[in-house]
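J.: here are the coordinates; sequence isn't available:
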């Protein structure tokens, strides 16, 4: 007899489905009991009590884009580090720890070089100084 | 296979006998039914408990802040105001759900759902005890970081879809803050994975049970915890904690909803139950990050001296120890909020990219070298 019939990820799927159901049922119940009296004024965007000026969907600062780029590099790096790091202990017990250590060091040195480069270029500064480009 | 709450109950002979007899008398195999029923029960208990934790979190926040500022706090509903969160919940139910005409309606409706489902999803791997974790995945830590990123997506979408300037600023800040602080948090978790030699929470907590084999009485005592494993992990714990505060949008990193400058940040335009989902998700996420910190660094569910053994009593004690440690951390999180002033955006980014990330990279290298030089022995094992 075996209880592992639905696979390992079955409880997770079940949990997420029930999470959605929880949200849906709550929203349905509130829909029944809550008032619903929309007026054009009530449905305006909050702009400190004034009539809203323009839309919020406009161009925003490029520094968010740079942070996003650096994040993607580091996130991929940590995703790739997970397998190496989780076998380190086993390899160490087998006597191959040095190999993994060198792998980790090479991988991290590339990243450290990357972050040092970004730092030097000033991409990590939130308020970017333009004096660097002038000289 | 992985340990799940089902496989824990299935190891008892009486459960096996009962299932065999039920199958015989009913004429079909009841095991699938049993599996689904136990999972459903466990999940309903967890989600019910979570809603309670979220509600009680709001109350605890108000009570503790009142305590720190020499006020009484809520004290009208129920004894000592303990039922305040129920009253707040009922109020949320009865509030009108205002959807701005200019908003992107689909994204506006989806964002709070993403937030709360992302937080619920993390609870599949939170280890309450070695039998009562819903499932102990062999990629547990990885799964946890993956699914909790949904919250960041929800925050950003909520801010973007509202079409309000305050919301957009809050959502953008939230997105950049959550993605930035994920780096130091993941890197310090990696150093623990490296020392434990596995990604499942069972392996990680098992590695903190008893380090000194000749002294078996020392089971579960603080010196076995990973925070005291070597000098790098102590630093790693604080980096993890700071980063986790920022990922849960807690003060001093509550820039996405900075009420004194952005009205209410990413949920300015939300009202009624949808606002409640954002608030609930925030308070439950604090529980998740505290629980993760406890599991990774503070010994998880290990009961001191192994009181209670491996039976049902032991399991309940383990769950009690885990939840108790998590609530202690929860108190620290609230304490920090009412002690420290909020950071500026540029200070926030400087702290993450110029301090925490380099330190955690150094930490990871340090842990790897320690592992290689001392064969993964802890500071204590080197002397005893």
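T.: Here it is on my side, so go on. Nothing here was measured: the structure is a model prediction, and the numbers come from that model.

J.: how about the helices in the stretch 51-200 of chain B?
T.: Assigned by DSSP state H, counting those that start in this stretch, the helices in the stretch 51-200 of chain B fall at B:84-93, B:105-122, B:140-161, B:165-196.

J.: looking at these, which is closest to residue B:67?
T.: Residue B:67 sits nearest to helix B:84-93 of all the helices of the stretch 51-200 of chain B, at 14.6 Å, using CB to CB. (Each C-beta comes from the backbone N, C-alpha and C, glycine too.)

J.: ok, which residues in the stretch 151-300 of chain B are in contact with chain A?
T.: Within the stretch 151-300 of chain B, the positions adjacent to chain A are B:160, B:162-168, B:172, B:175-176, B:179-180, B:182-183, B:186-187, B:190, B:193-199, B:263, B:268-269, B:272-274, B:277 by CB under 8 Å from any CB of the partner chain.

J.: Check the spacing between residue A:36 and residue B:274 real quick.
T.: Distance check for residue A:36 against residue B:274: by CB to CB, to the nearest Å, it reads 14 Å.

J.: quick one on the thing from earlier: now the helices of the stretch 51-200 of chain B in TSV, with mean pLDDT and mean neighbour count?
T.: Output for the helices of the stretch 51-200 of chain B, formatted as TSV (pLDDT from 0 to 100; neighbours: other CB atoms under 10 Å in any protein chain shown):
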stretch	mean pLDDT	mean neighbour count
helix B:84-93	85	16
helix B:105-122	87	22
helix B:140-161	86	23
helix B:165-196	87	25
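
J.: Run through the neighbouring helices and strands of the helix or strand that residue A:107 is a member of.
T.: Under the criterion DSSP states H and E, the helix or strand holding residue A:107 is helix A:97-121. Here helix A:97-121 is seen to pack against helix A:63-94, helix B:357-374 when contacts are counted using 3 or more CB pairs under 8 Å, 6 or more residues apart in numbering or on different chains; DSSP states H and E.

J.: Centre of the chain to that helix, how far?
T.: Computed by CA atoms, centre = their mean, to the nearest Å, the separation of helix A:97-121 from the middle of its chain amounts to 22 Å.

J.: quick one: contacts of that helix?
T.: Residues outside helix A:97-121 that contact it (CB atoms under 8 Å, 6 or more residues apart in numbering or on different chains): A:70, A:73-74, A:77, A:80-81, A:84-85, A:87-88, A:91-92, A:124, A:132, B:353-354, B:357-358, B:361, B:364-365, B:368-369, B:371-372.

J.: Buried residues, that helix. List them.
T.: Buried residues in helix A:97-121, counting neighbours by 16 or more other CB atoms under 10 Å in any protein chain shown, are found at A:97, A:100-101, A:104, A:108, A:111-112, A:115, A:118.

J.: Equivalent analysis for stretch B:347-364, please.
T.: So stretch B:347-364, judged by 16+ other CB under 10 Å, has buried residues B:348-353, B:356-357, B:359-361, B:363-364.

J.: Those residues into TSV, with extra columns for distance to chain A?
T.: Converted to TSV, the buried residues of stretch B:347-364 look like this (distance: CB to the nearest CB, whole Å):
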residue	distance to chain A
B:348	8
B:349	5
B:350	7
B:351	11
B:352	9
B:353	4
B:356	12
B:357	7
B:359	12
B:360	10
B:361	6
B:363	11
B:364	7
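
J.: Would you reformat those residues as TSV and include pLDDT?
T.: Listed next are the buried residues of stretch B:347-364 as TSV, based on pLDDT from 0 to 100:
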residue	pLDDT
B:348	86
B:349	84
B:350	85
B:351	87
B:352	87
B:353	86
B:356	90
B:357	89
B:359	91
B:360	91
B:361	89
B:363	90
B:364	89
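
J.: Please, which helix or strand holds residue B:323?
T.: Using DSSP H and E, residue B:323 maps to helix B:312-337.

J.: how much space between residue B:19 and residue B:310?
T.: 21 Å.

J.: And the helix holding residue B:323, what does it pack against?
T.: In terms of contacts (3+ CB pairs under 8 Å, 6+ apart), helix B:312-337 is packed against helix B:31-68, helix B:272-297.

J.: If I average pLDDT within each of the ones you listed, which one is lowest?
T.: For the helices and strands packed on helix B:312-337, the bottom mean pLDDT is recorded on helix B:31-68, which sits at a mean of 84.

J.: Show me the shaky parts of the stretch 201-350 of chain B.
T.: Low-confidence segments of the stretch 201-350 of chain B (pLDDT under 70): none present.

J.: Report how many residues lie close to the residue of it found nearest chain A.
T.: Each residue of the stretch 201-350 of chain B has a distance to chain A, by CB to the nearest CB, and the smallest belongs to residue B:346, at 3.5 Å. Counted with other CB atoms under 10 Å in any protein chain shown, residues neighbouring residue B:346 total 12.

J.: Distance-wise, check the closest residue to it other than its chain neighbours relative to residue A:67.
T.: Setting aside the residues directly before and after it, residue B:346 is nearest to residue A:126 in space (CB to CB, 6 or more residues apart in numbering or on different chains), at 3.5 Å. In this view, residue A:126 and residue A:67 are 9 Å apart by CB to CB.

J.: In terms of neighbours, single out the busier of those two.
T.: For residue A:126 and residue A:67, the more surrounded residue by other CB under 10 Å is residue A:67, and the numbers stand at 21 against 16.

J.: Would you agree the more buried one is in contact with residue B:176?
T.: Yes: between residue A:67 and residue B:176 a contact is recorded at 4.9 Å, counting by CB atoms under 8 Å.

J.: what sits in contact with each of those two?
T.: When contacts are counted by CB under 8 Å, 6+ apart, the set common to residue A:67 and residue B:176 consists of residue B:349.

J.: What residue in the stretch 1-150 of chain B comes nearest to chain A?
T.: Checked against chain A (CB to the nearest CB), the nearest residue in the stretch 1-150 of chain B is residue B:120, 3.8 Å away.

J.: need the contact list for that residue.
T.: Each residue near residue B:120 by CB under 8 Å, 6+ apart is listed here: A:15-16, A:18-19, A:22, B:47, B:50, B:284.
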